[in-house]
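S.K.: Next comes the sequence, and after it the predicted model I'd like to discuss.
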Amino acid sequence: MQYRLDLVLHPAEGALLRVIGMAERRGFAPRAIHGAPDADDQGRWHLQLVVDGTRPPETLCRQIEKIYDCVSVQVTELQGAAA
């Protein structure tokens, strides 16, 4: 199943690596990432990370929320994605 994670991160060294590493350690394969800093939001990074996985995505969200640099995370199941 494919999911899109909408993330808001504090701009810190290694923040993106921590998120991607967490996804991989929880059994999700990163497929695409898109994002940029938002000057209107104190320079926080607004990212979209697309992952594949067979586990419940809520598990990954709960773990990513625990990362210090993470402000928020929301998951959306992508329709029509091949398993």
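M.R.: Cool, the structure landed.

S.K.: just the helices in this protein please.
M.R.: 15-25, 57-65 (DSSP state H).

S.K.: any chance of those in JSON lines, plus mean pLDDT?
M.R.: Formatted as JSON lines, the helices of the chain follow (pLDDT from 0 to 100):
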{"stretch": "helix 15-25", "mean pLDDT": "93"}
{"stretch": "helix 57-65", "mean pLDDT": "92"}
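
S.K.: Which of those sits closest to Arg44?
M.R.: Minimum separation from Arg44 across those (CB to CB) falls at helix 15-25, 10.1 Å. For every residue, glycine as well, the C-beta is placed using N, CA and C.

S.K.: tell me how far the closest one is from the chain's mean position?
M.R.: 8 Å (CA atoms, centre = their mean, to the nearest Å).

S.K.: Equivalent analysis for stretch 46-60, please.
M.R.: 6 Å.

S.K.: Kindly report the same for stretch 37-55.
M.R.: 6 Å.

S.K.: And for that stretch, what's in contact with it?
M.R.: Residues from elsewhere that reach stretch 37-55, judged by CB atoms under 8 Å, 6 or more residues apart in numbering: 1-11, 15-16, 19-20, 23, 26-36, 60, 71, 78, 81.

S.K.: would you list the helices of the chain in JSON lines and tack on mean neighbour count?
M.R.: Below are those laid out as JSON lines (neighbours: other CB atoms under 10 Å):
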{"stretch": "helix 15-25", "mean neighbour count": "16"}
{"stretch": "helix 57-65", "mean neighbour count": "16"}
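
S.K.: No more questions from me, cheers.
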